[in-house]
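K.L.:
quick one: sequence and predicted model below, then my questions.
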Amino acid sequence: LNAPISTTLSLQPEVIYNDLGSKVTFGNDHKNSYSTNLGYIAVPVMLQYNATPEFYLEAGPEFGFLISAKNKLKDGDGRSLETDWTKTATRNLNTFNLGVGLGLGYHITPKVSINARYVAGITNIGKDKDLIGKSYSDSKNNVFQVGLGLAF
């Protein structure tokens with residue numbers, strides 16, 4: 001939805017899925033790895049400024065809700081152990097994520113646009129109450145997003 005406020009300003013709420021993650025390799029041969037994937041339903045609410053009829057700048061908050069959490073440990077011999085800890089993630093991870101987005105876009109036609117946005121995380125991923133959460137307690141979700149918008 002893109003709701004015009006004036007000739008140069010509009011408000012654009014969205015609903016998107018973000019699959020965020022990290023991977024760390026370790027060991028003398030760097031063949032061992034540990035990866036985490038976190039899935040969020042994100043609701044950005046962008047205020048857009050139309051600098052020209054084609055180009056726009058946008059900024060606003062993004063609210064994220066954790067819906068999946070998975071870990072994978074792989075050793076140098078190719079064996080792996082996957083853990084789906086979605087049900088227990090609420091003990092270790094914050095299920096709400098807040099970020100601030102800043103981006104720019106281009107209207108290809110009046111009904112089609114493309115944009116790029118960077119969202120800097122404000123809230124910490126993990127709770128520092130236990131070992132698993134503490135390892136993520138200083139981490140934040142920072143995301144670079146590219147999107148294609150279609151108006152109907």
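P.N.:
Thanks, I have the structure now.
K.L.:
skipping its backbone neighbours, what lies nearest Leu11 in space?
P.N.:
Nearest residue to Leu11 in three dimensions, chain neighbours excluded: Ala3, at 4.9 Å (CB to CB, 6 or more residues apart in numbering). C-beta: built from backbone N, CA, C; applies to glycine.
K.L.:
what's the neighbour count on that neighbour?
P.N.:
For Ala3, the count of nearby residues is 10 (other CB atoms under 10 Å).
K.L.:
separation between it and Gln12?
P.N.:
Distance from Ala3 to Gln12, counting by CB to CB, to the nearest Å: 7 Å.
K.L.:
worst mean pLDDT across the helices and strands of the protein, which element?
P.N.:
Every helix and strand of the chain was ranked by mean pLDDT, DSSP states H and E. The lowest is helix 131-134, at a mean of 55.
K.L.:
give the buried residues for the helix or strand harbouring Leu11.
P.N.:
Using DSSP states H and E, Leu11 falls within strand 9-13. By 16 or more other CB atoms under 10 Å, the buried positions in strand 9-13 come out as 10, 12.
K.L.:
brilliant, that's me finished.
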